[in-house]
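S.K.: Have a look at this fold, sequence not included:
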């Protein structure tokens, strides 16, 4: 309930990116993220862009899901858009959550309730919500192997060959992420010049969240 109220505090010209917390790694600069978002929005004419993945967690039969071989299911580990559009989207989902979950009562007890509800809402919002099926912004790794390009020092999907701006270590792959990065976010890189980020609806400085980010090195060399 707090999220729609938070979005009301932004300006119309703002662009809001919402991501998961400490299971996310940014491997490309902010400009890449912005360019990828605007490309998807202009190509599909939809203001809200949500990350996608190969694995389907709950409702898999929506006809609105794109007919692609990989990353066709919604994953709310990242979504972006103008604040008013996101506000209307989540306010509608919240107001209709019981109707959406009718017949799927078990989903209301899930930890990832937001993803289940966003999934159920897709047939009603398919004209305004686009999926990042090429994982240009975020790739949610779960049933895709994680490979490493030593040339440009980036991770990519072993099967999908996507090289996203953000890596979302989703599901059981969280168990292996600590082998390579003791702390994610901008590991081993200079922090972006953002005065504040929102964590659990509270403003914090990036340096306070990741005080040793610029000095850390991987624990071991990443491998497939």
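M.R.: Cool, got the structure. These figures come from a predicted structure and were not determined experimentally. Residues are numbered from 1 along each chain as shown.
S.K.: for the chain, what's the longest strand?
M.R.: Ranked by residue count, the top strand of the chain under DSSP state E comes out as strand 73-81.
S.K.: For the strand or helix carrying residue 25, which helices and strands make contact with it?
M.R.: In this structure, residue 25 is located in strand 24-26 according to DSSP states H and E. Under the contact definition 3 or more Cβ pairs under 8 Å, 6 or more residues apart in numbering; DSSP states H and E, strand 24-26 sits against strand 166-169. C-beta: built from backbone N, CA, C; applies to glycine.
S.K.: quick one: strands adjacent to the strand it packs on?
M.R.: According to DSSP bridges, strand 166-169 has the following sheet partners: strand 24-26 (antiparallel), strand 138-141 (parallel).
S.K.: need the strands for the chain, in chain order.
M.R.: 16-19, 24-26, 48-53, 73-81, 129-132, 138-141, 146-149, 154-157, 166-169, 197-199, 202-204.
S.K.: helices or strands up against the fifth one?
M.R.: Using 3+ Cβ pairs under 8 Å, 6+ apart as the contact criterion, the neighbours of strand 129-132 among helices and strands are helix 30-44, strand 48-53, strand 73-81.
S.K.: rerun at 7 Å
M.R.: helix 30-44, strand 48-53 (3 or more Cβ pairs under 7 Å, 6 or more residues apart in numbering; DSSP states H and E).
S.K.: Now tell me which of the strands of the chain the model trusts least on average.
M.R.: If you rank the strands of the chain by mean pLDDT, strand 197-199 sits at the bottom with a mean of 51.
S.K.: For residue 167, find the nearest of the strands paired with strand 166-169.
M.R.: Closest to residue 167 of the strands paired with strand 166-169, according to Cβ to Cβ: strand 24-26, at 4.5 Å.
S.K.: tell me which helix or strand of this structure sits lowest on mean pLDDT?
M.R.: strand 197-199 (a mean of 51; mean pLDDT, DSSP states H and E).
S.K.: All set, thanks.
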